[in-house]
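*Asks:* return atomic coordinates for the entry below.
(2 chains)
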Amino acid sequence: MATDTLAEGDSGLEAAAAPKPRSEWTMAWRRLRRNKAALAGLGVLIVISLAAIFADFIATEPENHFDIMAAELPPGSEGHPLGTDDIGRDVFSRIVRGSRISLRVGFSAVTISAIVGTFIGLSAGYFGRWVDMVISRIIDVMLAFPGLLLAMTVVAALGSGLNNAMIALGVAGIPFYARVVRSTTLAARELVYVRAARAVGMSDARIMLRHILPNIVSPILIMATLGLGGAILAAAGLSFLGLGAERPSPEWGLELSSSRHLLRSSWWISTFNGLAIAITVLSINLLGDGLREALDPQAGAWSH
Amino acid sequence: MAGYIIRRILYMIPVLFGVLIVVFVLMRLIPGDPIEIFFQSGEIGGSGATSREGGEVSRKALEKLRESYNLDKSPPHQFVLYVWDVLRGDLGTSIAYRRPVVDMIASHWPATFALTMASMAVAITIGVGAGVISAIKRHTFVDYGAQMFAILGISFPPFFVGLLLILVFAIKWQTDDGVGMLPAVSNGYGKELILPALTLGTAASAILARLTRSSMLDVLSRDYVRTARSKGLRERVVVTGHALRNALIPVVTVIGLEFGGLLAGAVIIEAVFHRQGLGLRLIDAIIDRDYPVVQGLVLLSAVIYAVANLLVDVLYTYIDPRVRLETTGS
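*Replies:* Next comes the predicted model:
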């Protein structure tokens, strides 16, 4: 194993550092493979992703197809495994299409937070002085909004809608990444090989990307995975409140909200949409927990 | 100690001022004139009067309204006036309800506060209890059960849990006269509080359970616990007397933060149960673009959050004397 990774090292300076990070990832993967809950999470997540990608082939009915004569059929009815809603739309087909929306919104929001947050945190930690001062104060202000409130305020400014909710959640997540990346960068800046790189006159951008960033990949990855679950939950929450997706979108949170008055007669519409959110987020959280234990064995809250 | 608290309070001021700027700027990003947008949206809430009486809200009346909201002045001028008002305790007037925001807060505050207190009680009972038992009975089925509960609690959306509770306790499980066991629409402070508090409390208890468990495990492996055990103290005494007290230190932080985030957490729960608290007002205000209300409520929750943070830090120094030494030393 170790010799394989050594042979792949490219430049002299990096070859010296290469075996450690590579074998760390291999070790992490081995630890992850032993964690049954995390593997189950990964498996379910893959199934849901495939369902999202091939939604049009899996859904049994065309989008927005309705049939008043087949309204509120219970689960297990012919051709409608999860029943139909109040205007006879197939619940299963809509949930499958909804997976595409939730995954897209979650991934986009997390990508915005992670990229912008990493960039800001790297700059603050690496350049220090006034850059750090300004960025740290901005982070403090953003963190002063509890819970979903920053996202809700941004939605209030941009107007409701799924894309605005996605941007709002992305913005609201930035300070968390920035804070972690900043402190990790502060520590990494003093590492011997980073100081060496600076001494030989390497450009700041190159040092940040080639020598500091690899040190902070695993905390970012852990945060992003757990953050994906949180973002999907929050996006569904905003849609539930009427600040996100709009009708007739099959978004899960919206479906849950617009079918709640039918709870008495047709419980299945809300229940299956709610379960779709819960199962998706659960699988992501299981995977995220496993990743945290695998990449950072000391910090795993559930290990041992 | 006093110096530390004063420093913390002094630092709170620029952060809250930053919040004020962010909210003010965001609200000004709304394209167009808030008054016009509001009237175009059709109706005035609260009073029930419609504004579209043939589109005849006279230009003069609109001008006057705009003036009363300072919208005829430049944004920087508006900001100065707003800050001045806030400092005097005036958060402006709701466009939709024609009512001072401070009054709205005063009348809707109790519903949110009661919900928060009740759900914190649920969260601490379930969360800390499950976490401690889980740590003591580590690697048993009790532990796995508690862990399962915790990860489910984090993954299930609270609005879904709320609807499930309504389905079970208000719809399926009925008393003999065909009324649900517990009310689904909840505005009171008695049994109306049970379902929303359970919903919000369960979500928070999941986080507390995980934290308590890992904190407890950490403490149980410390030398002083081993010493206590080797002295022949009973396990009960070791756990409650030596371990729990120290394990709860980080837990207190999270309880404080959860409490500080009360308004944020209550938003979704109040929407599920139609509870007339501040959260519901905030959603209405965002949808109506009633910006003075959004501004006021967001500012209020940031202040509460900051104060809760401060209190937690001060409390810390009382529970854990080591922290006191460190802060006075630096």
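
*Asks:* center of chain B - which residue?
*Replies:* residue B:262 (1.5 Å; CA atoms, centre = their mean).

*Asks:* close to chain B: what parts of the stretch 101-250 of chain A are there?
*Replies:* Applying the criterion CB under 8 Å from any CB of the partner chain, the portion of the stretch 101-250 of chain A that neighbours chain B consists of A:137-138, A:140-142, A:144-149, A:152-160, A:229, A:233, A:236-237, A:240-243. C-beta here means a position set from N, CA and C on the backbone, and glycine is covered the same way.

*Asks:* and the buried ones among those residues, selectable in PyMOL?
*Replies:* Command for PyMOL that selects the buried part of those, burial taken from 16 or more other CB atoms under 10 Å in any protein chain shown:
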select buried, chain A and resi 138+140+141+142+144+145+146+147+148+149+152+153+154+155+156+157+158+160+229+233+236+237+240+241+242+243
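
*Asks:* what residue in the stretch 101-250 of chain B comes nearest to chain A?
*Replies:* residue B:160 (3.4 Å; CB to the nearest CB).

*Asks:* once you drop chain neighbours, what's closest to that residue?
*Replies:* Here the nearest residue to residue B:160 in space, its sequence neighbours aside, is residue A:274; by CB to CB, 6 or more residues apart in numbering or on different chains that works out to 3.4 Å.

*Asks:* picking that back up, wait, the residue nearest to the centre of chain B sits on residue B:114?
*Replies:* No: taking contacts as CB atoms under 8 Å, residue B:262 lies outside contact range of residue B:114: 10.7 Å.

*Asks:* helix or strand next in line after the helix or strand where residue B:147 lies, which one?
*Replies:* In the assignment (DSSP states H and E), residue B:147 maps to helix B:141-155. Toward the C-terminal end, the helix or strand that comes next after helix B:141-155 (DSSP H and E) is helix B:158-165.

*Asks:* by contact count, what packs against that following helix?
*Replies:* With contacts defined as 3 or more CB pairs under 8 Å, 6 or more residues apart in numbering or on different chains; DSSP states H and E, the packing partners of helix B:158-165 are helix A:213-240, helix A:252-258, helix A:267-295, helix B:194-220, helix B:262-273.

*Asks:* what's around the closest residue to chain A within the stretch 201-330 of chain B, how many residues?
*Replies:* Chain A sits closest to residue B:264 of the stretch 201-330 of chain B, with a gap of 3.0 Å, by CB to the nearest CB. The local packing count at residue B:264 equals 24, with neighbours defined by other CB atoms under 10 Å in any protein chain shown.

*Asks:* the residue lying closest to it once chain neighbours are set aside: what's it in contact with?
*Replies:* Among residues not flanking residue B:264 along the chain, residue A:147 sits closest, at 3.0 Å (CB to CB, 6+ apart). Contact partners of residue A:147, counting by CB atoms under 8 Å, 6 or more residues apart in numbering or on different chains, are B:261, B:264-265.

*Asks:* pLDDT wise, what is the nearest residue to residue B:29 once chain neighbours are set aside at?
*Replies:* Using CB to CB, 6+ apart and skipping the chain neighbours, the partner closest in space to residue B:29 is residue A:157 (4.4 Å). Looking at residue A:157, its pLDDT reads 88.

*Asks:* and residue A:188, by the same measure?
*Replies:* According to the per-residue confidence, residue A:188 scores 84 in pLDDT.

*Asks:* same deal with residue B:189?
*Replies:* Residue-level confidence at residue B:189 comes out at 82, pLDDT.

*Asks:* which residues touch it?
*Replies:* Applying CB under 8 Å, 6+ apart, the residues contacting residue B:189 are B:110, B:114.

*Asks:* same question, residue A:263
*Replies:* For residue A:263, the residues meeting the contact criterion (CB under 8 Å, 6+ apart) are A:270, B:163, B:166-167, B:171.

*Asks:* among those, name the buried ones.
*Replies:* With neighbours counted using 16+ other CB under 10 Å, the contacts of residue A:263 contain these buried positions: A:270, B:163, B:166-167.

*Asks:* which of the residues you listed sits closest to residue B:298?
*Replies:* Of all those, the one sitting nearest residue B:298 is residue B:163; the distance, using CB to CB, is 27.0 Å.

*Asks:* separation between the closest one and residue A:30?
*Replies:* The span separating residue B:163 from residue A:30 equals 42 Å under the rule CB to CB, to the nearest Å.

*Asks:* again with residue A:214
*Replies:* Distance from residue A:214 to residue A:30, counting by CB to CB: 20 Å.

*Asks:* what parts of the stretch 151-300 of chain B come near chain A?
*Replies:* By the rule CB under 8 Å from any CB, the part of the stretch 151-300 of chain B lying against chain A is B:151-152, B:154-160, B:163-164, B:166-167, B:171, B:210-211, B:213-214, B:217, B:257, B:260-261, B:263-265, B:267-268, B:271, B:282-283, B:285-287, B:289, B:291, B:294, B:298.

*Asks:* ok, residue 105 - how many residues close by?
*Replies:* Using chain A here. Residue A:105 is surrounded by 27 other residues when neighbours are defined as other CB under 10 Å.

*Asks:* correction: the question concerned chain B.
*Replies:* Around residue B:105 there are 17 other residues, counting by other CB under 10 Å.

*Asks:* what of residue A:59?
*Replies:* For residue A:59, the number of neighbouring residues by other CB under 10 Å comes to 19.

*Asks:* go on, the one 5 residues further on?
*Replies:* The burial metric for residue A:64, expressed as a neighbour count using other CB under 10 Å, is 13.

*Asks:* now do the SS call for the residue nearest to it when sequence neighbours are not counted.
*Replies:* Nearest residue to residue A:64, sequence neighbours excluded (CB to CB, 6+ apart): residue A:248, at 5.8 Å. Secondary structure of residue A:248, reduced to three states by DSSP: H, G, I helix; E, B strand; the rest coil: coil.

*Asks:* I'd say residue B:310 and residue B:12 touch.
*Replies:* Yes: contact criterion CB under 8 Å: residue B:310 and residue B:12 qualify, at 6.7 Å.

*Asks:* in the stretch 1-150 of chain B, what residue lies closest to chain A?
*Replies:* residue B:18 (3.4 Å).

*Asks:* which regions of chain B lie under the pLDDT threshold?
*Replies:* Per-residue confidence of chain B (counting by pLDDT under 70) places the weak regions at B:1, B:31-33, B:37-58, B:178, B:186, B:320-330.

*Asks:* longest helix in it, please.
*Replies:* Among the elements of chain B assigned as helix by DSSP state H, the one spanning the most residues is helix B:101-136.

*Asks:* now do that one and helix B:194-220, the angle between them.
*Replies:* Put simply, helix B:101-136 runs at 50 degrees to helix B:194-220, going by axes from the mean of the first three to the mean of the last three CA atoms, to 10 degrees.

*Asks:* just list what helix B:101-136 packs against, helices and strands only.
*Replies:* Helices and strands touching helix B:101-136, as assessed by 3+ CB pairs under 8 Å, 6+ apart, comprise helix B:141-155, helix B:194-220, helix B:245-260, helix B:262-273, helix B:278-288, helix B:291-319.

*Asks:* okay, those helices in TSV with distance to residue A:116 next?
*Replies:* Supplementary listing: the helices and strands packed on helix B:101-136 in TSV, determined by distance: least, CB to CB, whole Å:
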stretch	distance to residue A:116
helix B:141-155	25
helix B:194-220	26
helix B:245-260	24
helix B:262-273	22
helix B:278-288	24
helix B:291-319	22
